[in-house]
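Peer 1: sequence unknown, structure follows:
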């Protein structure tokens, strides 16, 4: 009986841990013609603040470092479609950076 209670408590603890964790994904948006620069998009949900977030960065893969600044958008997570709106807004803001590094999304 005690082992069953321990198992239930352990399962509840694990489920609470997974609920409190950030939900995020990382996608490649595009690369430069020579493959030197790669545009990366990180996006997801932060449960602590109840916000969707999008971060777009450009990496110089030859030097293994980020170049330029990052584009960051956060919007309240009131509806699921808001994440898509935040991603589109960040992508629109990133167009000048893509041109600067010759990245084709």
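Peer 2: Yep, that arrived. The structure displayed is predicted, hence computed values, not measured ones.

Peer 1: Parallel or antiparallel, list what pairs with whichever strand or helix holds residue 74.
Peer 2: Following DSSP states H and E, one finds residue 74 within strand 65-76. Here strand 65-76 is paired, per DSSP bridges, with strand 51-60 (antiparallel).

Peer 1: Sketch out the low-pLDDT regions of the chain for me.
Peer 2: Scanning the chain for pLDDT under 70 picks out 1-22.

Peer 1: Please repeat the previous calculation with a cut-off of 50.
Peer 2: Low-confidence segments of the chain, defined by pLDDT under 50: 1-20.

Peer 1: and the strand holding residue 74, how far out from the chain's middle?
Peer 2: 10 Å (CA atoms, centre = their mean, to the nearest Å).

Peer 1: now stretch 57-66
Peer 2: With CA atoms, centre = their mean, you get 17 Å for stretch 57-66.

Peer 1: Please work out which residues outside that stretch touch it.
Peer 2: Contacts with stretch 57-66, where a contact means CB atoms under 8 Å, 6 or more residues apart in numbering, come from 35-40, 42, 67-68, 70-71, 97-98, 101, 103. For every residue, glycine as well, the C-beta is placed using N, CA and C.

Peer 1: Identify, from these, the entry nearest to residue 25.
Peer 2: residue 42 (7.3 Å; CB to CB).

Peer 1: Can you list the buried residues in the strand holding residue 74?
Peer 2: Neighbour-count burial for strand 65-76, counted by 16 or more other CB atoms under 10 Å, picks out 71, 73.

Peer 1: So which of the contacts of stretch 57-66 belong to strands?
Peer 2: 37-40, 42, 67-68, 70-71, 103 (DSSP state E).

Peer 1: For those residues, give me a markdown table that also has distance to residue 55.
Peer 2: Formatted as a markdown table, the ones in strands among the contacts of stretch 57-66 follow (distance: CB to CB, whole Å):
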| residue | distance to residue 55 |
| --- | --- |
| 37 | 16 |
| 38 | 14 |
| 39 | 11 |
| 40 | 8 |
| 42 | 5 |
| 67 | 15 |
| 68 | 13 |
| 70 | 6 |
| 71 | 7 |
| 103 | 16 |
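
Peer 1: Done for today, thanks.
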